[in-house]
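Trainee: Everything below, folded, please.
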Amino acid sequence: MRPDLATLAFMTRIANLSWDRIEPLLAAGAPAILPIGAGAKEHGLHLPMNADEVQALWLAGKLAEKTGALIWPAVTYGFYPAFTDFPGSISLSRATFVTLIREIVTGIKQHGARRCSCSTPASRRLLPSAKPSPGSKV
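Mentor: This next block holds a predicted model:
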């Protein structure tokens, strides 16, 4: 019997599991999803600061429903320099953001994930900054 969606959502988020539950799932080939969405970035007066985070987690959940992927905790800071004039909005440097994502993905792969995808509602302009270097395994 397939678990209901609430149970499935709980079971696919590694933050809700102990390491001994994660290990066999990765060994069985479960892909990994790393949600990336700002938790502190302005979106006008009509949306909260964490709108990107909420969307990234929603997308990760939908992908996990279809693929059986494990969802890592969201990365809630990124490279958003255009928004730093708005109170509460935080941006990392491009180099820090790229290093952060590379190191997290490297760690995920070291624990056995064969595939790792990032889910983000952010601008496509940000994605090339996190692409692996030529010859990189991440």
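Trainee: Could you use CA atoms for every contact and neighbour count after this?
Mentor: Fine.
Trainee: which residues touch Pro73?
Mentor: Counting by Cα atoms under 8 Å, 6 or more residues apart in numbering, Pro73 makes contact with Arg13, Ile14, Ala15, Leu34, Pro35.
Trainee: ok, so what distance separates it from Ala15?
Mentor: 7 Å (Cα to Cα, to the nearest Å).
Trainee: List the contacts of Asp38.
Mentor: Just so we're on the same page, residue 38 is Ala rather than Asp. Counting by Cα under 8 Å, 6+ apart, Ala38 touches Met49, Asn50, Ala51, Asp52, Glu53, Val75, Thr76, Tyr77, Gly78.
Trainee: Sitting in helices, which of those residues do you find?
Mentor: Among the contacts of Ala38, the members falling in helices (DSSP state H) are Ala51, Asp52, Glu53.
Trainee: At which residues are the strands of this structure located?
Mentor: For the chain, the strands defined by DSSP state E cover 32-35, 70-71, 116-119.
Trainee: that older thread, which of the contacts of Pro73 are buried?
Mentor: Arg13, Ile14, Leu34, Pro35 (16 or more other Cα atoms under 10 Å).
Trainee: Tell me which two of those sit farthest apart.
Mentor: Farthest pair in those (Cα to Cα) is Ile14 and Pro35. Separation: 12.2 Å.
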